[in-house]
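> From the sequence below, what's the structure:
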Amino acid sequence: MNKNFLIITLLAISLISSCAQKPEETLAIGVLLTVPESVYQQSIQLNRAILENHPDNITLDSQHIPHITLLHGYVLKSDLSEIKQVLDEFYKTVEPDSLWADELQYSKDKTESFASIGIKRSPPLMALHENVIALLEPYILPEGSQKAYVQNVDGTPIDEFTLAYVPKFVSAHSYDNYNPHISLGVAETALLDSLTQHHFRSIKFKAKALGIYQLGAFGTAQKRIWESE
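Numbers count the residues shown, from 1 in each chain. Prediction:
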C-alpha cells in the first residue's frame, strides 16, 4: 500500500510540475532591410534636426537603427532558428535590386505631423515584402504582450500605438496598404517644409542586408537577432 501510495504521489507531483511549466517566450520582431551608409547618415541627420525642436521623439542611433520594415509580428522564441534558416535561404535568391528614397513624407495640411523618408513601392520591393509574409505566416502569432518587446530603460510601458500596430501589420498595413519608409519622428510642418527644401536628398541605393530585430517602443528596431551575410 505504501509503495502504491508513493508511486501515485510521484505521478501527481510530475503532472503538477508539467502543468506549471512556464509558457513559451514570445518576441515582437521586425523583418527589415538595413540601409547603406549614405541613407543611414541622412536618416540620422534629419532625425537630429527634428529632435532639436521636438526632443520627446524617437531617437535613431546604433540601438534604434534606420531601416525599411518588411514585416512586423509576434513569434515564439523557440521558432527563431527555423525562421532564420528560411529567410537566409530565401535572401540568397533575391536579386540586389535598387531602392529609391524619393521623398520626405508628412501631412502638409497639419501644423504637426509624423515624418518619414518615403521609399518608392517598386515591383521588386513589393515582391520581397509579400514573399517574406508568405514565408513567415506559419510562425506569426495572433497576439503578444508587453514582455515581447525590448523594455524601455526608464521603466515606462511599451506605448499603446505599438501594441495595437504590430499584431495588425499583415491585415491592415501590408500588400496594397504597405508604406515602405524610414521613420524620423514627429515635428511641426514648418520645420519639415524647411528640411524638405534644404536638407532632404533623393537617393537610389541597394539594401545592405535583410535582418530580424526585436522591437522596442514605437516599433523601433533595437536588438539584432539575425542578419544576412
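
> In three-state terms, how would Gly185 be classified?
Per DSSP: H, G, I helix; E, B strand; the rest coil, the secondary structure class of Gly185 is strand.

> wait, it sits on Ile58?
Yes: at 5.0 Å, Gly185 counts as touching Ile58 under the criterion of C-beta atoms under 8 Å. All C-beta spots, glycine's among them, are computed from the backbone N, C-alpha and C.

> which intervals of this protein have sub-threshold pLDDT?
Low-confidence segments of the chain, defined by pLDDT under 70: 1-22, 96.

> Helices of the protein, start to end?
Counting by DSSP state H, the segments of the chain that form helices are 2-19, 37-53, 80-91, 123-136, 160-165, 169-173, 189-198.

> which residues do Gly185 and Ile58 both contact?
Common neighbours of Gly185 and Ile58 (criterion: C-beta atoms under 8 Å, 6 or more residues apart in numbering): Asn47.

> so how far does stretch 177-190 reach from one end to the other?
Its start and end residues considered, stretch 177-190 measures 27 Å (C-alpha to C-alpha, to the nearest Å).

> thinking again about what came up before, of the helices of the chain, which is nearest Pro180?
Go through the helices of the chain one by one with C-beta to C-beta and the one that ends up closest to Pro180 is helix 123-136, at 6.1 Å.

> For that closest one, C-alpha coordinates in PDB please.
Taking C-alpha atoms only, helix 123-136 is exported to PDB below (Å, rounded to 0.1, in the frame of the first residue of the first chain):
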ATOM      1  CA  PRO A 123       7.800  45.900 -58.000                       C
ATOM      2  CA  PRO A 124      10.900  44.200 -56.600                       C
ATOM      3  CA  LEU A 125      10.400  45.700 -53.200                       C
ATOM      4  CA  MET A 126       6.700  44.800 -53.200                       C
ATOM      5  CA  ALA A 127       7.600  41.200 -54.200                       C
ATOM      6  CA  LEU A 128      10.100  41.000 -51.300                       C
ATOM      7  CA  HIS A 129       7.500  42.300 -48.800                       C
ATOM      8  CA  GLU A 130       4.900  39.800 -50.000                       C
ATOM      9  CA  ASN A 131       7.300  36.800 -50.100                       C
ATOM     10  CA  VAL A 132       8.600  37.500 -46.600                       C
ATOM     11  CA  ILE A 133       5.000  37.500 -45.300                       C
ATOM     12  CA  ALA A 134       4.200  34.200 -47.100                       C
ATOM     13  CA  LEU A 135       7.300  32.500 -45.700                       C
ATOM     14  CA  LEU A 136       6.800  33.600 -42.100                       C
END
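
> Who is the residue nearest the centre of the chain paired with across the strands?
Per C-alpha atoms, centre = their mean, the C-alpha nearest to the average position across the chain is that of Gly30, at 3.0 Å. With DSSP bridges as the criterion, Gly30 is bridged to His72, Tyr213.

> From Leu71, how far out is it?
Applying C-beta to C-beta, to the nearest Å, the value for Gly30 to Leu71 is 7 Å.

> cool, Ala207 as well?
Using C-beta to C-beta, one gets 14 Å for the distance from Ala207 to Leu71.
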